[in-house]
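Q: What shape does this take:
(chains A and B)
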Amino acid sequence: MLKFENVSMRYPEAGDVLRNVSFDLKHGEMAFLTGHSGAGKSTLLKLIAVIERSSRGRVLLDGQNLNEAKDRQVPYIRRKVGLIFQDYKLLQDRTVFDNVALPLVIAGYGHHEVSRRVRASLSKVGLLGKERKYPAVLSGGEQQRVGIARAVVNKPPMILADEPTGNLDPELSAEIMHLFEQFQQVGVTVLIATHDIALISQMDHRILKLDHGQLVTS
Amino acid sequence: MKHENRKHNNAERLQTKKSGGNFIDKWHAYKNLHAHALFSSLGRLVGTRFSSAMTIVVLAIAISLASGFYILVANLQQLAGNLVSSNQISLFLKDEVSEIRARSFAEKIRQNSDIQDVKIISKEQALGEFQAYSGFGDAVKALEKNPLPIVIQVLPTNSFENEQALEKMLEDFKRLTEVDFAQMDMQWVKRLQSIIEVARRGVTLLSLLLGAGVLFITANTIRLELHNRKDEVIIAKLVGATNNFIHRPFLYSGFWIGFFSGVSAWFIVTIIMLILKQPVENLSRLYDGSFHLLFLGFLDTLMLLFISSVLGVVGSWIVLHFQLQQLKPE
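A: The predicted structure follows:
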């Protein structure tokens, strides 16, 4: 599903952020990406979402070389990857329903199809009945679940999460991680960047550890 | 259920933009996207009704100035169009010249190869016309003696378009002993037509300026909207929005702003014309009553709405073209 081949990333101002990173994730695999702050976790995720492009090496998603993707192909690549953020990145002036519906609206689904899928997605994250609420009135854990519902509503083959539990207490964090496991069980490839070692050590999944831009265990 | 699955698959195929997915499904997705942009932009316009209304009023004033001047010139042209311009010269003969002498004098002028036509208006004819058209009929009846001179109307050949040649001919006529006074009848019409031509050009230039104003005011409004919705644009890009998807609601916003400004401008111009209608028609009745105020016609109205909508769309396109590149997810 995802393959990194000798990927390096250099920013003119920060120097090498990733050095010769190689790994691959199989279809339906779940993995954690850990490392100290500044180890290059976010940069690695950005390469997969084509927010950045690597300086050297190849990033292959579903066999497609992301470095060579044309700008107009980027939106279609992003539709294959559900993104989840530490700060949720929800639209505060839109209802939960509208937030979750955004990827479907972008893809041109009709009104009925959008309603059906949004409700299905909200029910998966346990927020059915909160469609008309605004994000500001929800708790942090609920907001993150809205973010997850939005990421999976389009049924992408892969989910990327950048510190999804960074703002949540341990109990909520465990709940969110359990949610990701459920998606993995239905065949979605999941990659989660986190530094919550205590939490992930209780879970039986592959751990990719970055240290100063180099992959030390995989 | 089967139907739903089919819809799924096609929509999915469409998203990944692989070939396949028949034309009808593509059309449906396209239609959904446009309907979304159309209604969401209209909704936002209503949502920010105070600032939208202010922008639209400013644009409507600019557009109504341009179209108001346009209709003013159209009215002037109509007025001047009723008047036929010609080079006809009227010779007012001295009172002591008899009718018989006037006829032989007219014959003599007709011999001149520069003259196309000559017509005599006798004292009686002149009085009859004066009574019929001047509105002083009763007063004229009270006169003991006909005070009007015999008039000879001279029409030079068309080769006499040259003003100086005409002036010279006029001077020559004035010098003749039978002639008391000579004048070119319709020269003022020519002057009026030249003035209208200048006004028409001026209005065209002014309209271009006002149009440019409308364009940039719309552009600036859209720029502010883009700025206010920066987060939304970035999030939409992160979840796979194409540039077209992001452009569309802003282009529709531009369209609505332009369109509603056009509609408002139409009302402004029409209300002004309605206010002017009565006094203008009173004035017209004091003359010959043939002048009727022109309003913005059906085609003018269509043109007005079309141009203002296009200016709105182009204005927002300019901003999107230059500003959207800077909004990238980090």
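
Q: I'd like the distance between the closest residue to A:K130 other than its chain neighbours and chain B.
A: Excluding the flanking residues, the one nearest A:K130 by CB to CB, 6 or more residues apart in numbering or on different chains is A:V96, at 5.3 Å. For glycine as for every other residue, the C-beta is placed from the backbone atoms N, C-alpha and C. Going from A:V96 to chain B by CB to the nearest CB, to the nearest Å gives 14 Å.

Q: Now do the contacts for A:V96.
A: The neighbours of A:V96, taking CB atoms under 8 Å, 6 or more residues apart in numbering or on different chains as the test, are A:L122, A:L127, A:K130, A:E131, A:R132, A:K133, A:Y134, A:P135, A:L138, A:V146.

Q: switch the cut-off to 7 Å
A: Contact analysis of A:V96 by CB atoms under 7 Å, 6 or more residues apart in numbering or on different chains lists A:L127, A:K130, A:E131, A:K133, A:P135, A:V146.

Q: so the residue of chain A positioned farthest from its centre is in which element?
A: Residue farthest from the centre of chain A, counting by CA atoms, centre = their mean, is A:H112 at 26.8 Å. In this structure, A:H112 sits in helix A:111-124 according to DSSP states H and E.

Q: Flag every buried residue along whatever helix or strand comes next after that helix.
A: Counting by DSSP H and E, the next helix or strand C-terminal to helix A:111-124 is helix A:140-152. Using 16 or more other CB atoms under 10 Å in any protein chain shown as the test for burial, helix A:140-152 gives A:G141, A:E142, A:Q143, A:Q144, A:R145, A:V146, A:G147, A:I148, A:A149, A:R150, A:A151, A:V152.

Q: From those, list the ones also adjacent to chain B.
A: Among these, the residues within reach of chain B (CB under 7 Å from any CB of the partner chain) are A:R150.

Q: Turn the buried residues of helix A:140-152 into JSON lines, columns for pLDDT.
A: Conversion of the buried residues of helix A:140-152 to JSON lines gives the following (pLDDT from 0 to 100):
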{"residue": "A:G141", "pLDDT": "89"}
{"residue": "A:E142", "pLDDT": "93"}
{"residue": "A:Q143", "pLDDT": "94"}
{"residue": "A:Q144", "pLDDT": "93"}
{"residue": "A:R145", "pLDDT": "93"}
{"residue": "A:V146", "pLDDT": "95"}
{"residue": "A:G147", "pLDDT": "95"}
{"residue": "A:I148", "pLDDT": "94"}
{"residue": "A:A149", "pLDDT": "95"}
{"residue": "A:R150", "pLDDT": "95"}
{"residue": "A:A151", "pLDDT": "94"}
{"residue": "A:V152", "pLDDT": "93"}
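
Q: Out of the buried residues of helix A:140-152, flag the one nearest to B:E197.
A: Using CB to CB, A:R150 comes nearest to B:E197 of those, at 63.4 Å.

Q: Now for the residue lying closest to that closest one once chain neighbours are set aside: which residues touch it?
A: Of all residues not flanking A:R150 in the chain, A:V100 sits nearest, at 4.8 Å (CB to CB, 6+ apart). A:V100 is in contact with A:V118, A:S121, A:L122, A:V146, A:A149, A:R150, A:V153, counting by CB under 7 Å, 6+ apart.

Q: my read: the first one touches A:A101, true?
A: Yes - shown here, A:V118 and A:A101 form a contact pair, counting by CB atoms under 7 Å, at 5.1 Å.

Q: out of the two, which sits in the more crowded spot?
A: Each of A:V118 and A:A101 has its neighbours counted (other CB atoms under 10 Å in any protein chain shown); A:V118 has more, 26 against 23.

Q: What parts of chain A come near chain B?
A: Residues of chain A lying near chain B (CB under 7 Å from any CB): A:51, A:75-76, A:78-79, A:83, A:89, A:91, A:102-103, A:105-110, A:113, A:150.

Q: Among those residues, which ones are in strands?
A: A:L83 (DSSP state E).

Q: which residues of chain B fall in strands?
A: For chain B, the strands defined by DSSP E cover B:89-93, B:115-121, B:151-156, B:179-184.
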